[in-house]
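*Asks:* Requesting a structural model of the entry that follows:
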Amino acid sequence: MDLDVTQLRQPAVVAAFRGWNDAGEAATSVVRHLVIGNETHELLVFDEGYYDLRQTRPTLQVRDGKRVLKWPNTCIAVCRTPQRDLLIVIGDEPNFDWVDLCQEILGTVSLCEATPVVVLGSMNSDDPHTRPLPVSVEATNPDLVWGMGAEDSDYQGPTGITGVLSMMAAEAGCEVVSMWVSTPLYSSDSECAKATLALARRVSEVLGVDFDWERLELASARWESQVSHLVDADSDLAQYVRALEADRDESLAPTSGEDLAAQIEQFLREDKES
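*Replies:* Predicted coordinates:
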């Protein structure tokens, strides 16, 4: 069916890319779970000229009993959730012409009058799998992420296509929300379902869209159980995880009244001396 992109319902953007920006496939899995069960229409596919097939190789897949080739690409689609329409951007991180690809994406965003642009990523970290996995949030409009502990990032260093898209979208005048979830460095390369759930919750808070929470929660519990079995079977890894848990618990421990009073006294003393 034809889709009039000028008549979308409160359209917003959710973007994620496979590869360097997608540890544990957590970011792209959020997009996949949005699409599951919702009417989705493909709008554009970008492939030629953006990929080096020696670096981002095509994959063989089996569909309906037949082997097919899936070529690297970036796709823009409309996902019609019950709450609002979403402009979905998902694909493989390109090898060439990042600026051109981002301009193409933002041209469609402008045509659809979609806002905000929510860009997702996931990264490996020293976080234990048995504790809540943190999600860092940054937004050009603080009102969009009120109460989420959002803060300006002081990161300097290499970035991926998600960083380029976020900056170009902000420079084009879009409201941008960047979300990154942490995934345990020692967990397997398969989907980190617990990180997917944590990121999906933040997306839901910002955009007001629902997921199949039961499905996500069951997958998260199953993932945590599987990783725990692997950890228990390796004494060195188990010791490492216990150390991570202790560090996390200490950092989250509430400050006692005595400690707080001592901190205030120290502050006042230093302020008086200065």
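*Asks:* could you pull out the strands for the protein?
*Replies:* Using DSSP state E, the strands of the chain run over residues 12-18, 39-46, 59-63, 66-70, 74-80, 85-92, 117-125, 135-139, 176-184.
*Asks:* Just checking: what are the partner strands of the fifth one?
*Replies:* The sheet places strand 74-80 alongside strand 39-46 (antiparallel), strand 85-92 (antiparallel), with pairing taken from DSSP bridges.
*Asks:* Now for residue 128, how many residues are close by?
*Replies:* A count of nearby residues for residue 128, using other Cβ atoms under 10 Å, gives 21. Where you see a C-beta, it was placed from the backbone N, CA and C, and this is true even at glycine.
*Asks:* Spatially nearest residue to it, not counting backbone neighbours?
*Replies:* Of all residues not flanking residue 128 in the chain, residue 244 sits nearest, at 4.1 Å (Cβ to Cβ, 6 or more residues apart in numbering).
*Asks:* and if you look at residue 164?
*Replies:* Among residues not flanking residue 164 along the chain, residue 98 sits closest, at 5.2 Å (Cβ to Cβ, 6+ apart).
*Asks:* Quick check: that neighbour touching residue 162?
*Replies:* No - applying Cβ atoms under 8 Å, one finds residue 98 not in contact with residue 162, separated by 10.6 Å.
*Asks:* Looking at the two, which is more packed in?
*Replies:* residue 162 (24 against 17).
*Asks:* surely that one meets residue 15?
*Replies:* Yes - at 7.2 Å, residue 162 counts as touching residue 15 under the criterion of Cβ under 8 Å.
*Asks:* Which strands and helices lie in contact with the top helix by length along the chain?
*Replies:* Using DSSP state H, we find that the single longest helix of the chain is helix 213-232. Here helix 213-232 touches helix 193-207, helix 235-252, going by 3 or more Cβ pairs under 8 Å, 6 or more residues apart in numbering; DSSP states H and E.
*Asks:* just those helices: most buried one?
*Replies:* Scoring the helices and strands packed on helix 213-232 by mean neighbour count under mean count of other Cβ atoms under 10 Å gives helix 193-207 as the most buried, with a mean of 23.
*Asks:* what's that one packed up against?
*Replies:* strand 12-18, helix 26-35, strand 117-125, strand 135-139, strand 176-184, helix 213-232.
*Asks:* which residue packs closest to residue 60, ignoring adjacent ones?
*Replies:* Nearest non-adjacent residue to residue 60 (Cβ to Cβ, 6+ apart): residue 67, at 5.7 Å.
*Asks:* Just give me the neighbour total for that neighbour.
*Replies:* Quick note: residue 67 (other Cβ under 10 Å) scores 8 neighbours.
*Asks:* Quickly list what it is bridged to.
*Replies:* If you apply DSSP bridges, the partners that residue 67 bridges to are residue 62.
*Asks:* For the stretch 51-200 of the chain, give me the ranges with low pLDDT.
*Replies:* Counting by pLDDT under 70, the stretch 51-200 of the chain contains low-confidence residues at 150-152, 188-189.
*Asks:* picking that back up, which neighbours do residue 162 and residue 15 have in common?
*Replies:* 119, 120 (Cβ atoms under 8 Å, 6 or more residues apart in numbering).
*Asks:* Include distance to residue 192 when you put the strands of the chain into JSON lines, please.
*Replies:* What follows is the strands of the chain, written out as JSON lines (distance: least, Cβ to Cβ, whole Å):
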{"stretch": "strand 12-18", "distance to residue 192": "14"}
{"stretch": "strand 39-46", "distance to residue 192": "24"}
{"stretch": "strand 59-63", "distance to residue 192": "20"}
{"stretch": "strand 66-70", "distance to residue 192": "22"}
{"stretch": "strand 74-80", "distance to residue 192": "22"}
{"stretch": "strand 85-92", "distance to residue 192": "17"}
{"stretch": "strand 117-125", "distance to residue 192": "7"}
{"stretch": "strand 135-139", "distance to residue 192": "12"}
{"stretch": "strand 176-184", "distance to residue 192": "4"}
